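Undergrad: got a predicted structure plus its sequence, pasted below:
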Amino acid sequence: MRLLVASILTFLLLLTTPAAATRDTCSCNAIDGSCTATTSCIGGCFSVCPSGLCRAGCSGTDKGGGDDGGLDLMMQVSLQQTDSNTAQVAAELARITHQPVLFNSFTTDNAINLDIKRAVLWDVLEALSASGKIEIGGDDFTKLKRIRQALVTGEKMAVCMHNVSIRRMIHEFASLSGLPIRVTSGNPETVMTLSVKDVTLEEFLARLSTEGGVEISMR
């Protein structure tokens with residue numbers, strides 16, 4: 001009888017214990033071997049590897065992906081600060097962007113006064129980076145600037161995406177490059193898994209367009 005009760009309890013426990021969430025893994029290497037990026041996420045992931053500038057992220061709710069689609073460097077922000085220090089400016093940017101922000105002045109942390117209305121986040125970060133080191137979403141802004149240059153100048157790279165919607169991947173590259181990339185026809189919510197090497201941004205988008213059954217514009 002005890003054995004029967006124990007067996008029943010074990011069976012009920014198995015029924016009520018939630019299954020572990022499946023994690024997606026993305027990894028890529030720069031074609032010159034200068035860097036690698038790997039991440040494991042719940043709800044999809046991506047990795048982008050230009051030379052020396054590898055970067056990976058999550059597309060879902062894990063690791064800060066969120067429903068907002070992650071870091072949007074092209075979002076418009078308003079920022080008013082009076083007699084503030086770099087920590088206060090960083091905290092306000094973190095509140096606005098929903099991303100962790102670090103801002104360390106190159107010199108003495110003098111009082112900062114800002115009155116910014118509906119400016120592009122990228123432009124705000126670039127202006128602030130003249131007086132200090134900025135990290136946003138775990139990335140050094142200097143690195144993000146170099147990635148943007150690599151993308152817009154047609155540098156070859158490797159890209160991996162796993163269980164990511166076309167819309168989310170388009171958002172990532174539009175944010176990083178500053179280009180008006182968008183889906184003009186087809187279903188942008190199509191979820192795809194794709195790994196490619198030795199492609200420019202334009203070539204990757206062409207591949208994404210063909211395999212995802214959508215039209216993508218960069219203009």
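TA: Yep, that arrived.

Undergrad: ok, which stretches of the chain are helices?
TA: Under the criterion DSSP state H, the chain contains helices at 2-16, 86-97, 121-128, 141-152, 166-177, 201-212.

Undergrad: need the ones you listed in JSON lines (columns: distance to Asp24 and mean neighbour count).
TA: C-beta: built from backbone N, CA, C; applies to glycine. Output for the helices of the chain, formatted as JSON lines (distance: least, Cβ to Cβ, whole Å; neighbours: other Cβ atoms under 10 Å):
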{"stretch": "helix 2-16", "distance to Asp24": "25", "mean neighbour count": "9"}
{"stretch": "helix 86-97", "distance to Asp24": "24", "mean neighbour count": "17"}
{"stretch": "helix 121-128", "distance to Asp24": "27", "mean neighbour count": "18"}
{"stretch": "helix 141-152", "distance to Asp24": "22", "mean neighbour count": "18"}
{"stretch": "helix 166-177", "distance to Asp24": "12", "mean neighbour count": "22"}
{"stretch": "helix 201-212", "distance to Asp24": "17", "mean neighbour count": "17"}
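
Undergrad: now for those helices, which one comes closest to Asn113?
TA: The closest of those to Asn113 is helix 86-97. By Cβ to Cβ, the value is 10.3 Å.

Undergrad: distance from the chain centre to that closest one, please.
TA: Offset of helix 86-97 from its chain centre (Cα atoms, centre = their mean, to the nearest Å): 18 Å.

Undergrad: could you check the angle helix 121-128 makes with it?
TA: Interaxial angle, helix 86-97 versus helix 121-128 (axes from the mean of the first three to the mean of the last three Cα atoms, to 10 degrees): 170 degrees.

Undergrad: which strands and helices sit next to helix 86-97?
TA: Contact here means 3 or more Cβ pairs under 8 Å, 6 or more residues apart in numbering; DSSP states H and E; on that basis helix 86-97 packs against strand 76-84, strand 101-105, strand 112-120, helix 121-128, strand 132-136.

Undergrad: what sits against Arg207?
TA: Arg207 sits next to Leu194, Val196, Val199 when contact means Cβ atoms under 8 Å, 6 or more residues apart in numbering.

Undergrad: show me where pLDDT drops low in the protein?
TA: Low-confidence regions of the chain, defined by pLDDT under 70, span residues 1-21, 60-69.

Undergrad: can you do 80?
TA: Applying pLDDT under 80 to the chain flags the ranges 1-21, 60-70, 108-110.

Undergrad: on that earlier part again, in strands only, show me the contacts of Arg207.
TA: Using DSSP state E, Leu194, Val196, Val199 are the members of the contacts of Arg207 that sit in strands.
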